[in-house]
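Novice: Curious how this folds, go ahead:
(one chain, ligands or ions: 1)
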Amino acid sequence: MFSSMTISQLRTLLRAREVSAEEVVISVFDQIDKVEGDIEAYVTLCRSEALVQAKRADALLKEGNAPDLCGIPIAIKDNISTAGLKTTCASRILDDYVPPFDATVVTKLKEAGVVIVGKTNLDEFALGSSTENSQFHVTRNPWDRSRVPGGSSGGSAAAVAAGEAIAALGSDTGGSIRQPAAFCGIVGLKPTYGLVSRYGLIPAAPSLDHVGPLTRDVRDAALVLQAIAGWDGKDPTSVQKELPNYEAVLSEDITGLVVGLPKELLDNELDPEAKEAIFGVANVLESLGARVEAISLPHAEYAMASFYLIASAEISSSLACFDGVRLGKRYGEAKDTTSMFMKTRGQLGIEAKRRILVGTAILQEDNYTTYFVKAQKVRTKIREDFQQAFGRCDVILSPTTPTPAFTLGHKLDRPVIMYKSDVYTSLANLAGIPALSVPCGYTEGGLPLGMQIMGKPFDEATVLKVGHLYEQQTASERRLPQKEVKANG
Ligand code: GLN
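Specialist: Model (predicted):
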């Protein structure tokens, strides 16, 4: 079935004209018809537009000079702006918002020939780790529907895992691409800050936000990254860099490469099965010629505190404009301004309100130096830890998450426990470095586990190479959730 293939497999078939883009899109929508009722990965589906785009792709493929991702069905997280297509952030405040422009990543994907399947569910404004904070509906994990898909890019991860898209875009502020990728048994990449444009991504915490791919394998992550990376004059934090060919480097070997294993990220919070899986990965990498060394990231234990303080401060500022006057849907009568503001802002969900309150509080004069400035100092320390570590090693290996996917509702009213989902991932956002999550085994109960490979700034190539080689080496152990999706559905 085409809907369960990778981009690279489909690329070969499409170029050889053994399948048409239209057939691929139809196969994806057939799968959506079968499983979406249970999974609910999407906020919006664009079936008829997708068919039109597929026909266009077929015309290009026929001419023989089709761009790299021509005819590939891709899903987009619903906080990434799409011209003429609703972009809701899973919030009542934006539930009818239709952007007049495309995010740069969407423009680039369109130039690369993709077919947009739809917009995926998320925690409201990307605030959360389970997609349960969506104001529309929950999304279920394709491996076990009583469990969360992770978040905030849970819709994107579930769609790819369930065969409802070939690949997807997500955003990652503290782990929102990697954590759902790990929970759903797929690959997720958070690129270096500045490598992929954020123009058109509706911001949560701009100094921590990133856009990146969720895919079925590492090669596909390299292909999507190639398409979306690069300098963009519309994003002031975008960096001008010569891009390597990310797919070409995948075939290089890793003999002599040094893998750092930070002791702080193999701590007591870590699920024993997840810990064992990481030692298993280290063995595989050693057997491929890498050297594994114990390292230390001494300030890692303060990452969560620093992350949630900085993120909340920035979020309170980012969300201030959604007041029904400047931006966002107005609830209530404009005659009475105060009650109109209150009604409109009152539409925000509990987690968004919590972040706004915390953020506003810590930006008050008395708290600013005590909390915000201190959190920024810790952020600098964390960056320095990484600089030191990367003096000794080429990549750093850790689990992506402390536990596999948890059950729906389990952490919803315990925010601090929920926040701990990001304990290993938020480090890379604070430091701005690239980080890739790759499936690395299963729990006894059959849930996927993920490992995280972090790299030097702008060294996505090495990170992808290590992930790819591991994946090749363990390919025979890889399982798919699709069987279960079919069986249960
Ligand atoms: N889970 C983290 C949060 O709730 C990170 C979310 C994200 O990466 N967008 O802030």
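Novice: give the contact list for the residue positioned nearest the centre of the chain.
Specialist: Nearest to the mean C-alpha position of the chain, by C-alpha atoms, centre = their mean, lies residue 177 at 1.7 Å. Counting by C-beta atoms under 8 Å, 6 or more residues apart in numbering, residue 177 touches 153, 156, 170-171, 188-190, 210, 212-214, 437. Where you see a C-beta, it was placed from the backbone N, CA and C, and this is true even at glycine.
Novice: Of the residues you listed, which belong to strands?
Specialist: Of those, the ones assigned to strands by DSSP state E are 170-171, 188-190, 212-214, 437.
Novice: Now the two most distant members of the residues you listed.
Specialist: The distance between the two most remote of these (C-beta to C-beta) is 14.5 Å, for 171 and 437.
Novice: Pipe the contacts of residue 177 into JSON lines and attach pLDDT, distance to residue 265 and neighbour count per row.
Specialist: Shown next, in JSON lines, are the contacts of residue 177 (pLDDT from 0 to 100; distance: C-beta to C-beta, whole Å; neighbours: other C-beta atoms under 10 Å):
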{"residue": "153", "pLDDT": "98", "distance to residue 265": "22", "neighbour count": "37"}
{"residue": "156", "pLDDT": "98", "distance to residue 265": "25", "neighbour count": "42"}
{"residue": "170", "pLDDT": "98", "distance to residue 265": "22", "neighbour count": "33"}
{"residue": "171", "pLDDT": "98", "distance to residue 265": "23", "neighbour count": "25"}
{"residue": "188", "pLDDT": "98", "distance to residue 265": "17", "neighbour count": "35"}
{"residue": "189", "pLDDT": "99", "distance to residue 265": "19", "neighbour count": "32"}
{"residue": "190", "pLDDT": "98", "distance to residue 265": "16", "neighbour count": "33"}
{"residue": "210", "pLDDT": "98", "distance to residue 265": "20", "neighbour count": "25"}
{"residue": "212", "pLDDT": "99", "distance to residue 265": "21", "neighbour count": "30"}
{"residue": "213", "pLDDT": "99", "distance to residue 265": "23", "neighbour count": "33"}
{"residue": "214", "pLDDT": "98", "distance to residue 265": "22", "neighbour count": "35"}
{"residue": "437", "pLDDT": "98", "distance to residue 265": "13", "neighbour count": "32"}
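Novice: nearest to residue 346, of the residues you listed?
Specialist: residue 171 (25.4 Å).
Novice: Contact partners for the closest one?
Specialist: Applying C-beta under 8 Å, 6+ apart, the residues near residue 171 are 77, 79-80, 126, 152-153, 177, 201, 204, 209-212.
Novice: Also near the ligand: which of the residues you listed, exactly?
Specialist: Contacts with the ligand within the contacts of residue 171, as defined by C-beta under 6 Å from any ligand atom: 126, 152, 204.
Novice: tell me the contacts of the first one?
Specialist: For residue 126, the set of contacting residues under the criterion of C-beta under 8 Å, 6+ apart consists of 77, 79, 89, 152-153, 171, 173, 176, 204, 209.
Novice: Using a markdown table, lay out these together with distance to residue 35.
Specialist: Output for these, formatted as a markdown table (distance: C-beta to C-beta, whole Å):
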| residue | distance to residue 35 |
| --- | --- |
| 77 | 19 |
| 79 | 23 |
| 89 | 24 |
| 152 | 21 |
| 153 | 18 |
| 171 | 24 |
| 173 | 28 |
| 176 | 23 |
| 204 | 29 |
| 209 | 30 |
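Novice: Would you quantify the distance from residue 235 to residue 152?
Specialist: Using C-beta to C-beta, to the nearest Å, residue 235 is found at 21 Å from residue 152.
Novice: Please apply the same query to residue 321.
Specialist: Residue 321 is 20 Å from residue 152, by C-beta to C-beta.
Novice: Name the residue in those two with the higher neighbour count.
Specialist: residue 152 (35 against 10; other C-beta atoms under 10 Å).
Novice: Can you give me the pLDDT of the more buried one?
Specialist: Residue 152 is assigned 98 on the pLDDT scale.
Novice: so how far is residue 128 from it?
Specialist: 5 Å.
Novice: what sits in contact with each of these two?
Specialist: Common neighbours of residue 152 and residue 128 are not found (criterion: C-beta under 8 Å, 6+ apart).
Novice: what does the stretch 351-489 of the chain have sitting close to the ligand?
Specialist: Residues of the stretch 351-489 of the chain lying near the ligand (C-beta under 6 Å from any ligand atom): residue 422.
Novice: What are the neighbouring residues in contact with whichever residue of the stretch 351-489 of the chain sits closest to the ligand?
Specialist: Residue of the stretch 351-489 of the chain nearest the ligand, by C-beta to the nearest ligand atom: residue 422 (4.8 Å). By C-beta under 8 Å, 6+ apart, the contact set of residue 422 is 129, 174-175, 179, 304, 307.
Novice: The ligand: which of those residues is nearest?
Specialist: Nearest member of these to the ligand, counting by C-beta to the nearest ligand atom, is residue 174, at 3.1 Å.
Novice: secondary structure class for the closest one?
Specialist: coil (DSSP: H, G, I helix; E, B strand; the rest coil).
Novice: the strands in this protein, which residues?
Specialist: Going by DSSP E, the chain shows strands at 42-45, 73-77, 115-120, 167-171, 187-190, 211-215, 258-262, 291-295, 395-399, 435-442, 448-455.
Novice: Among those strands, show me which one is buried the most.
Specialist: The highest mean neighbour count among these, using mean count of other C-beta atoms under 10 Å, belongs to strand 187-190: a mean of 33.
Novice: what's next to that one, contact-wise?
Specialist: Surrounding strand 187-190, the residues in contact under the criterion C-beta under 8 Å, 6+ apart are 153, 157, 170, 172, 177-178, 180-182, 210, 212-218, 220-221, 225, 425, 428-429, 434-439, 460, 463-464, 467.
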